[in-house]
Each structure stands twice: as structure tokens, then as C-alpha cells.
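> got a sequence here, can you model it:
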Amino acid sequence: MKYLLHLFLLVTIASCAQDKQPLLGDTEFQKNMNADFKDATKSPLKDKDRKNFKGLDFFKFDSTFVITTKLIRTPDSKWFKMKTTTDRVSLERVYGILSFIFKGKEYKLNVYQGKDLIQDEEYADYLFLPFSDITNGDTTYGGGRYIDLRIPNDDKLIIDFNSAYNPYCAYNEKYSCPIVPRENYLDIKVEAGVKAFAKH
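Sure, this is the predicted structure:
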């Protein structure tokens, strides 16, 4: 009897393990994003899209898109109203300029700080990097993508374009998303991070 009970437990555990699908993704970032998108309490997906959701489409991880940049702080920059995809505006300031060399050419991107977020202790050191590039409207979302960063202790900041993600309005128009400023356009193909989402 003890043996049969043990066998039953093993079969039950095995069947439960089969029911639970492993999280898709090659990196922790990809797995975490897929987990959030499956979770109804966190997912920006519409119910009909989440129902058949298997995982987001990502570019393969590419270490050439992990770039060390020089952060040139702009402490006297003024707060401005960053436009969004709705009537809402987001109060932001240019925290600094990120300067870097990619394939022999120099590029610069503004990195932003949100007025509301710095009031929150958890996000007091948060920086927002929206950018657009040549892939937009083709393999990636037409409105550009975002990267989350944290204020470094020195003047070096690593941008990992493999962690570039879409604004929530790429999945659901009910969201209000900051529009990528024109000055943050990169004249290159950033084939890293999340790809365009195919809605059902």
C-alpha cells in the first residue's frame, strides 16, 4: 500500500510538471517579460491576445549591443512636457546625454528623468531611455522602444539594447505611452531586444 501511494504521488507530480509549461526565453530578461505578459494582473495584453499567448518574439541575444557609454550629466536642464500617445503629458527632464561609439561611429542619446517617479523611493534613481531606429515599422514596433536604466555612481553607463522593450500601447491602445523624441533616433538597425507584436 505504501508503495502504491508513493507511485501515485510520483505520477501526480509528473503530470503536474507536464501541465506547467516552461517559460520561453533565452535570457532572464526574456523569461521575466514572458512571465509578466502571461500574468493577467501584470499583462498589457488584451484578453483575446493573452488567451493564446506563448511568448514574445525577441532577437537573439547579441553582445555587440551591450554598450558602455559616457554619461554627460545636464544638471541645469528644465522640466518639459513629453508628449504621449494620448492627451496626457509626462513631466520629464534630460538627465544627461549618453555618448558612445558603435561600429566606428559616434552616437548620442538623451536619457530622461521623470518628475513623478523621483518622488518614489524605489524609482528615485530611475532613468528612461526611449529610442527609435531603422528597424521600426519593419521588424520592431513603429513607435520605437524603451530601455530602463539606473543612475550610476560615475560617468559610465551600460546600455543593453537586448533589454529594449515595446511601449504598452504596442499591445493595447488603452495605454498612454511617451512618444520617442526625434533627437533619440539612431540611424542604425538595432536588431536586439523585443520585436514587433503580431496582434490576433
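
> can you tell me the helix or strand for L127?
L127 is part of strand 126-133, with elements assigned from DSSP states H and E.

> for that strand, C-alpha coordinates in CSV please.
Extracted C-alpha coordinates of strand 126-133, given in CSV (Å, rounded to 0.1, in the frame of the first residue of the first chain):
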residue,chain,number,x,y,z
TYR,A,126,15.4,55.5,-12.4
LEU,A,127,16.3,56.8,-15.9
PHE,A,128,14.2,56.4,-19.0
LEU,A,129,15.8,55.8,-22.4
PRO,A,130,13.3,55.9,-25.3
PHE,A,131,14.8,55.4,-28.8
SER,A,132,13.9,54.7,-32.4
ASP,A,133,16.0,53.2,-35.1
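
> let me see the mean pLDDT of it.
Strand 126-133 carries an average pLDDT of 98.

> got the contact list for the helix or strand following it?
Of the helices and strands lying after strand 126-133 in sequence (DSSP H and E), the nearest is strand 145-150. Residues from elsewhere that reach strand 145-150 (C-beta atoms under 8 Å, 6 or more residues apart in numbering): 111, 125-132, 157, 159-161, 163-167, 178, 190, 193-194. Every residue, glycine included, has its C-beta placed from N, CA and C.

> and strand 145-150 with strand 126-133, angle?
Interaxial angle, strand 145-150 versus strand 126-133 (axes from the mean of the first three to the mean of the last three C-alpha atoms, to 10 degrees): 150 degrees.
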